[in-house]
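Peer 1: got a predicted structure here, sequence first:
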Amino acid sequence: MKKIQNYINGELVAPQSGQYIDNFNPAEGKVYSLTPDSGSQDIQRAVNAAKTAFPSWSSTPVEMRSNLLLRIAVLIDKNLNQLALAESIDNGKPLSLASSVDIPRASSNIRFFATAILHFNTDAHKMDNVAINYTTREPIGIAGCISPWNLPLYLFTWKIAPALAAGNCVIAKPSEITPMTAYLFSELCIEAGLPKGVLNIVHGLGTKAGQAIIEHQDIPIISFTGGTATGKHIAATAAPMFKKLSLELGGKNPNLIFADCDFDQALNTSVMSSFSNQGQICLCGSRILVERSIYDKFVTAFVDKVNKMTIGDPLEDTTKTGAVVSESHMKKVLSYIKLAKEEGGQVVAGGQQVHLKGRCENGYFIEPTVITGLGHNCRTNQEEIFGPVVTIMPFDTQEEAVKYANSTAYGLSATLWTENITRAHNIAHQLKSGIVWVNCWLVRDLRTPFGGMKQSGVGREGGNEALRFFTEAKNVCIKL
Ligand code: NAD
């Protein structure tokens with residue numbers, strides 16, 4: 001069986017303990033490879049390598065750093081098919097989605113920061129005739145980058161690219177649930193000639209390898225994407241050590257649909273924003289709020305479309321809905337559907353585990369599920385489910401829509417459907433979300449700051465915000 005290796009000091013190496021974790025193919029419910037069960041010894045080895053590499057990498061001319069990263073992006077493009085297949089097998093997502101979104105975006109992330117660093121500038125401030133101030137921004141040292149399973153290579157590269165471009169060395173830990181594409185990525189880094197120790201990829205459990213990163217005294221900067229509960233733990237561990245922290249956490253995103261919207265566009269995009277990647281995108285809209293005058297029409301049309309979605313083998317071209325990522329995640333999602341019924345909800349589409357035939361007979365599949373009849377305050381409408389489950393609720397006034405939308409502890413993203421531009425601006429400013437999409441969903445300009453409000457996160461990634469995060473400012477004040 002294939003054994004994934006750590007990438008430390010430029011080499012592919014086994015974990016020091018010699019221990020491995022089972023890695024499942026969720027569409028088949030079968031172990032298909034083994035992931036290193038790394039611990040603090042492996043992290044220490046990676047820290048030693050990164051410390052040695054830092055003086056040279058941080059003083060490498062920006063253009064050379066940029067060229068090296070661009071070489072990696074080219075190799076991702078060249079290996080798109082292999083990477084997409086690996087991601088689909090590792091994660092259960094449709095191959096078509098991995099090929100069209102996840103892997104191309106991994107390459108774009110690297111290209112974006114490889115070129116952004118060439119144009120990254122700092123400020124100078126003149127205080128009349130008293131003094132002149134200028135600011136420099138230097139790489140900090142070793143960055144710890146910890147990423148989740150839902151968009152494995154996409155989110156992994158989103159973190160490491162700005163850190164490396166800015167001149168830091170990195171210790172990255174991908175999710176133990178989907179390690180394969182990060183492993184293949186380490187092979188591409190070797191092929192590209194990335195100097196040894198600049199990037200180290202250590203695989204393993206969050207509570208062991210991840211914990212060793214967040215508590216290591218020589219890793220002063222942590223960029224984390226994952227669940228809010230893990231984020232709280234990381235903040236509690238890292239804050240007393242005065243580490244610089246960026247936390248991209250969970251969401252319970254509202255999708256507001258007004259009667260004056262373009263109905264077909266709102267309907268079609270809402271199906272996508274609810275169920276893409278089996279609802280396992282942090283930006284999926286999981287609470288659809290619909291103005292009462294079009295509520296019945298919307299529910300009927302939405303359910304009709306959802307019932308036509310094909311659930312199937314992720315490797316087949318026609319599949320729009322693949323497997324959820326693991327058995328335990330499937331059980332969690334099904335338990336929320338049960339909870340929704342206990343809370344008085346009606347399941348108007350889906351609601352069941354799906355048993356496919358053939359290769360995928362033991363896979364983790366759930367029908368896209370639509371629930372109506374729940375109030376905005378119940379647990380189903382307050383807690384992140386992170387699966388193919390969406391609720392639909394009516395509202396009567398704009399104020400009520402905003403109140404329901406803002407009623408959770410989260411504030412990651414929101415979507416708004418209206419043809420009334422004044423209403424769009426007004427509501428967009430009232431919604432407590434890091435990003436508000438008006439008449440679209442998941443459109444991202446990588447130059448914009450990205451991140452959540454409230455318990456959806458701290459800090460902003462994307463564009464210059466990310467480069468600022470991974471550098472330390474110093475001001476020099478010269479008397480005139
Ligand atoms: P998770 O928090 O369980 O794990 C995320 C990563 O943290 C994994 O690599 C895991 O091994 C590691 N980890 C776990 N415990 C740790 C510890 N004690 N110390 C250090 N690292 C530790 O999240 P998940 O289940 O992998 O991902 C799903 C969650 O991620 C959802 O809540 C989703 O909303 C969120 N997410 C957020 C964004 C965003 O941009 N805001 C993007 C994608 C996913």
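Peer 2: Arrived safely. All values reported here derive from a predicted model rather than from experimental measurement.

Peer 1: contact partners for the spatially most central residue of the chain?
Peer 2: In the chain, the centroid-proximal residue (Cα atoms, centre = their mean) is L155; its distance is 4.8 Å. Contacts for L155 were tallied using Cβ atoms under 8 Å, 6 or more residues apart in numbering; they are S147, P148, T225. Glycine gets a C-beta too; all of them are placed from N, C-alpha and C.

Peer 1: got the end-to-end distance for stretch 419-435?
Peer 2: End-to-end distance of stretch 419-435 (Cα to Cα, to the nearest Å): 19 Å.

Peer 1: so it, near the ligand or not?
Peer 2: No - Stretch 419-435 lies out of reach of the ligand by Cβ under 6 Å from any ligand atom, never closer than 8.3 Å.

Peer 1: per-domain residue ranges of this protein.
Peer 2: Following the assignment in automatic domain parsing, the chain carries domains at 2-249+456-479, 253-448.

Peer 1: okay if I get these as a markdown table plus mean pLDDT?
Peer 2: Listed next are the domains of the chain as a markdown table, based on pLDDT from 0 to 100:
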| stretch | mean pLDDT |
| --- | --- |
| domain 2-249+456-479 | 98 |
| domain 253-448 | 98 |
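
Peer 1: what does the chain have sitting close to the ligand?
Peer 2: 146-150, 155, 173, 175-176, 206-207, 210-211, 214, 225-227, 230, 233-234, 248-251, 282, 384, 386, 412, 452, 456-457.

Peer 1: which residue ranges of the stretch 1-150 of the chain form strands?
Peer 2: Taking DSSP state E, counting those that start in this stretch as the criterion, the stretch 1-150 of the chain carries its strands at 2-3, 6-8, 11-13, 20-25, 30-36, 124-127, 131-139, 142-146.

Peer 1: output those in JSON lines; the columns should cover mean neighbour count.
Peer 2: Below are those laid out as JSON lines (neighbours: other Cβ atoms under 10 Å):
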{"stretch": "strand 2-3", "mean neighbour count": "12"}
{"stretch": "strand 6-8", "mean neighbour count": "27"}
{"stretch": "strand 11-13", "mean neighbour count": "15"}
{"stretch": "strand 20-25", "mean neighbour count": "20"}
{"stretch": "strand 30-36", "mean neighbour count": "18"}
{"stretch": "strand 124-127", "mean neighbour count": "11"}
{"stretch": "strand 131-139", "mean neighbour count": "15"}
{"stretch": "strand 142-146", "mean neighbour count": "28"}
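
Peer 1: look up how far P61 lies from T237.
Peer 2: Applying Cβ to Cβ, to the nearest Å, the value for T237 to P61 is 36 Å.

Peer 1: between those two, who's got more neighbours?
Peer 2: T237 (15 against 8; other Cβ atoms under 10 Å).

Peer 1: dump stretch 362-376 to PDB, restricted to CA.
Peer 2: C-alpha atoms of stretch 362-376 as PDB (Å, rounded to 0.1, in the frame of the first residue of the first chain):
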ATOM      1  CA  ASN A 362     -19.500   1.100   0.900                       C
ATOM      2  CA  GLY A 363     -18.900   4.800   0.200                       C
ATOM      3  CA  TYR A 364     -20.100   7.700   2.300                       C
ATOM      4  CA  PHE A 365     -22.900   9.300   0.300                       C
ATOM      5  CA  ILE A 366     -25.800  11.500   1.500                       C
ATOM      6  CA  GLU A 367     -28.700  12.900  -0.500                       C
ATOM      7  CA  PRO A 368     -28.700  16.600  -1.000                       C
ATOM      8  CA  THR A 369     -31.200  17.600   1.800                       C
ATOM      9  CA  VAL A 370     -33.600  20.500   2.000                       C
ATOM     10  CA  ILE A 371     -35.400  21.300   5.300                       C
ATOM     11  CA  THR A 372     -38.200  23.800   5.900                       C
ATOM     12  CA  GLY A 373     -40.400  24.800   8.800                       C
ATOM     13  CA  LEU A 374     -37.700  25.700  11.300                       C
ATOM     14  CA  GLY A 375     -37.200  29.000  13.100                       C
ATOM     15  CA  HIS A 376     -33.900  30.900  12.900                       C
END
